[in-house]
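Q: Pasted the sequence and its predicted model underneath.
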Amino acid sequence: MNVDGHATVSVVIPVYNVGPYLERCISSVLSQTMSQIEVIAVDDGSTDLSGALLDCFAIRDGRLHIIHQANAGVSRARNVGLEAASGKYLYVMDADDWLASDALQTMVDELENDGCDVVFTDHTLVYPQSQRSTHLFSREFVCFEPNVRLQLQKMVLSPKYSPFPPDGSVGSGIAPPWTYMARREVISLNNLRFVTTTSGIFDDGLFTMSVLEVAKGVSYVRRPCYFYRVLQSSISHRYNPDRPAIHRAVFKEVRCILGDPIPSEFRSASAARSFSYFMITCKTYLFHPENHESWHVRYDSFGAFVRSSENREAFRDLDVERLSKRQRVVAWLGAHRMVLPLWLLIAYHAGRERRASASGRCL
């Protein structure tokens, strides 16, 4: 603990039905080389053994504090954890992932040494049969310049807008809260919270953009501190008929942060995020195999979605040089509101992807 009796780091973990992964997550935090921590696990109405497991872990280690609540969603669970935190620094992670043994010490050392409010680190993508480490940036940096923080906000919207682009993939980008540690007073003094209006979609990115808006300095340590488990059960893959409404809600919140209309320096990055959500909405709703609506109903919904203000702006403002050939065709058809050809093109590729997935092939 610090001299004032508070933990150096508060680790917030929302928990919901992750029984098979929970012990590894909690153990990786409690066994950190830095011992001056508090761990706030918010059991968000789990219906498996997650809540009971947390209670057992808490008996063995007094640094683990458990909050049980009725299911309210990941955003509200994170906010409950933020409000209970008392540490000098704040770190938010997911309950199905785990930390490198010296992750917290690495981040705290960087914040103490450079005086920044936020430090980013790398992560490792964990698949069922393999792992792959990624780098967020091409080099380490310590930066207090507003234009770099602006560029980082753009990168939250689209990883292709990195101020220091690395060779290869940036993994999950910098939107997730587990990609960085922040001074808690930056969050508390500015009353920053995860939005609860987007059903858990991009609530982390919106929070990160808000943190970067007020951070006085940002640094980056080029080493993996976090192990991110890639699960196909993610909300970004499941059937979701509310996806068009969520798309609108996300960009309403983006405008609240950046301004309405969106400033010119952010338009292409915002368009890239909107375009990616257009494609995800097609995948998780309009062309999802669990969508049993009639062809006519789905086609009408698709036409209305293509013509929505969010997508009209996205098709208009996209930087096509950053798109693949297929994406350029989709963007061109969308910009010219050619609904039928666009419908046929996306339906064709959605069918190909389903057949490839069923046969175990990759396109």
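A: Perfect, I can see it now.
Q: what's the single longest helix in the chain?
A: helix 339-359 (DSSP state H).
Q: tell me the mean pLDDT for it?
A: In this model, helix 339-359 has a mean pLDDT of 86.
Q: which other helices and strands contact it?
A: If contacts are counted by 3 or more C-beta pairs under 8 Å, 6 or more residues apart in numbering; DSSP states H and E, helix 339-359 sits against helix 295-306, helix 325-335. Glycine gets a C-beta too; all of them are placed from N, C-alpha and C.
Q: so whatever helix or strand comes next after the longest one versus helix 295-306, what angle?
A: Put plainly, it is helix 295-306. Next helix or strand after helix 295-306 toward the C-terminus (DSSP states H and E): helix 309-317. Note on geometry: by axes from the mean of the first three to the mean of the last three C-alpha atoms, to 10 degrees, helix 309-317 and helix 295-306 are set 60 degrees apart in direction.
Q: Give me the buried stretch members for helix 309-317, please.
A: Residues of helix 309-317 classed as buried: 310-311, 313-315, 317 (neighbour count, 16 or more other C-beta atoms under 10 Å).
Q: What of stretch 24-35?
A: Under the neighbour-count criterion of 16+ other C-beta under 10 Å, stretch 24-35 has 25-26, 28-30, 32, 34 buried.
Q: Same question for stretch 285-294.
A: 285-288.
Q: just stretch 160-169 next, same as before
A: If you call a residue buried by 16+ other C-beta under 10 Å, then stretch 160-169 has these buried ones: 160-164, 166.
Q: Tabulate the residues you listed in TSV, adding columns for distance to V230.
A: Listed next are those as TSV, based on distance: C-beta to C-beta, whole Å:
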residue	distance to V230
K160	20
Y161	23
S162	21
P163	26
F164	25
P166	19
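Q: Just the ones of those residues in strands?
A: Among those, DSSP state E puts none in strands.
Q: With respect to E293, which of the residues you listed is nearest?
A: Nearest to E293 among the buried residues of stretch 160-169 is K160, at 33.7 Å by C-beta to C-beta.
Q: Please report how far that closest one lies from I346.
A: 22 Å (C-beta to C-beta, to the nearest Å).
Q: repeat for P163
A: Relative to I346, and taking C-beta to C-beta, P163 is found at 33 Å.
Q: dump the residue contacts of L30.
A: Taking C-beta atoms under 8 Å, 6 or more residues apart in numbering as the criterion, L30 is in contact with 39, 57, 61, 63-64.
Q: Most neighbours among these, which one is it?
A: Neighbour counts for those peak at V39, which has 26 neighbours (criterion: other C-beta atoms under 10 Å).
Q: OK, contacts around the nearest residue in space to V254 that is not next to it in sequence?
A: With sequence-adjacent residues excluded and distances taken as C-beta to C-beta, 6 or more residues apart in numbering, V254 is closest to S270, at 6.2 Å. The contact partners of S270, taken as C-beta under 8 Å, 6+ apart, are 157, 251, 254, 258, 262, 313-314, 317.
Q: Please enumerate the helices of the stretch 1-150 of the chain.
A: In the stretch 1-150 of the chain, the segments counted as helices under DSSP state H, counting those that start in this stretch are 19-30, 50-60, 74-84, 103-114, 146-157.
Q: Need the single longest strand in the protein, by residues.
A: Per DSSP E, the chain has its longest strand at strand 218-229.
Q: So what are the sheet partners of it and their directions?
A: strand 98-99 (antiparallel), strand 118-126 (parallel), strand 141-143 (antiparallel) (DSSP bridges).
Q: what angle separates that strand from helix 103-114?
A: Interaxial angle, strand 218-229 versus helix 103-114 (the same axes, to 10 degrees): 170 degrees.
Q: Go through strand 218-229 and flag the buried ones.
A: 218-221, 224-229.
Q: Quick check: next helix or strand after it?
A: helix 243-258.
Q: chain center to whichever helix or strand comes after that following helix, what's the gap?
A: Next along the chain after helix 243-258, taking DSSP H and E as the criterion, comes helix 267-281. From the chain centre to the centre of helix 267-281 is a distance of 15 Å (C-alpha atoms, centre = their mean, to the nearest Å).
Q: Return the member of the contacts of S270 nearest to D97.
A: Among these, L157 lies closest to D97 (C-beta to C-beta), at 23.1 Å.
Q: I'd say that closest one and R273 touch.
A: Yes: assessed by C-beta atoms under 8 Å, L157 is found in contact with R273 at 4.4 Å.
Q: and the two? which has more neighbours close in?
A: Legend: neighbour count by other C-beta under 10 Å for L157 and R273, higher for L157 (25 against 21).
Q: center of this structure - which residue?
A: P176 (3.5 Å; C-alpha atoms, centre = their mean).
Q: Skip the chain neighbours and tell me the closest residue to that one.
A: The shortest distance from P176 to any non-neighbouring residue, by C-beta to C-beta, 6+ apart, is to D204 (5.1 Å).
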